[in-house]
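Student: fold the stuff below for me.
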Amino acid sequence: MKLNFLEDRTMEAMSSYLTRLSKRQQIVASNIANIDTPGYKTKDISFHATLEQLLAPNPLPLRTARPEHNPMAELRFAPVEPDVFEVPGLQTRPDRNNVELDREMLKLGQTSFGYSMMIQLLKGKFRTIATSINEGRTG
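Tutor: Numbering: from 1, shown residues only. Predicted coordinates for the structure are as follows:
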């Protein structure tokens with residue numbers, strides 16, 4: 001039985017989520033950099049849609065005798081660029097800029113927490129793989 005540990009749907013989902021976190025960090029940094037730019041509008045990306053996409057169950061959970069009988073087995077996460085949108089409903093200053101430093105710092109904290117969480121999950125995944133390999137050698 002051949003196993004490819006690096007081609008795993010869970011790791012693909014974590015990678016995609018980390019990519020989106022990176023994009024969000026860039027957007028927040030841009031928002032903060034433009035806090036004094038007249039007319040600049042705060043931007044963000046949606047994570048609710050992201051999680052739904054990443055964690056959606058396989059629509060046809062089938063068990064087959066041969067892998068080629070299940071066309072859904074080869075589905076992979078498509079690297080989709082997250083949608084960037086202007087955040088509606090924020091208070092606008094007289095210069096038509098609506099960036100709020102407190103809100104942006106909160107988003108930076110949330111993004112940092114998300115990174116930490118994903119890195120811990122990836123470490124656990126690699127630890128499990130290493131344990132499996134090491135026990136296979138000694139067992």
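Student: give me phi/psi at V87?
Tutor: When quoted as degrees, to the nearest 10, the phi and psi of V87 stand at phi -80, psi 120.
Student: how close does it sit to L18?
Tutor: With distances taken as Cβ to Cβ, to the nearest Å, V87 is found 23 Å from L18. Glycine gets a C-beta too; all of them are placed from N, C-alpha and C.
Student: same check, this time on S112
Tutor: 12 Å.
Student: again with V99
Tutor: Counting by Cβ to Cβ - V99 and L18 are separated by 25 Å.
Student: then Y115?
Tutor: The value you get for Y115 to L18, if Cβ to Cβ is used, is 7 Å.
Student: again, but for Y40
Tutor: With distances taken as Cβ to Cβ, Y40 is found 27 Å from L18.
Student: for the two, indicate the residue with more neighbours.
Tutor: Neighbours were counted for Y40 and for L18 using other Cβ atoms under 10 Å; Y40 has more, 18 against 15.
Student: please tell me how far the residue lying closest to that one once chain neighbours are set aside sits from R93.
Tutor: In this structure, Y40 finds its nearest non-sequential neighbour in N34, 4.2 Å apart by Cβ to Cβ, 6 or more residues apart in numbering. N34 is 12 Å from R93, where distance means Cβ to Cβ.
Student: ok, these two, which is more surrounded?
Tutor: N34 (16 against 13).
Student: longest helix of the chain?
Tutor: Secondary structure of the chain per DSSP state H: the longest helix is helix 101-138.
Student: what about the strands in this protein?
Tutor: The residue ranges that make up the strands of the chain, judged by DSSP state E, are 43-45, 84-86.
Student: contacting residues for M11?
Tutor: Residues near M11 by Cβ atoms under 8 Å, 6 or more residues apart in numbering: L122, K125.
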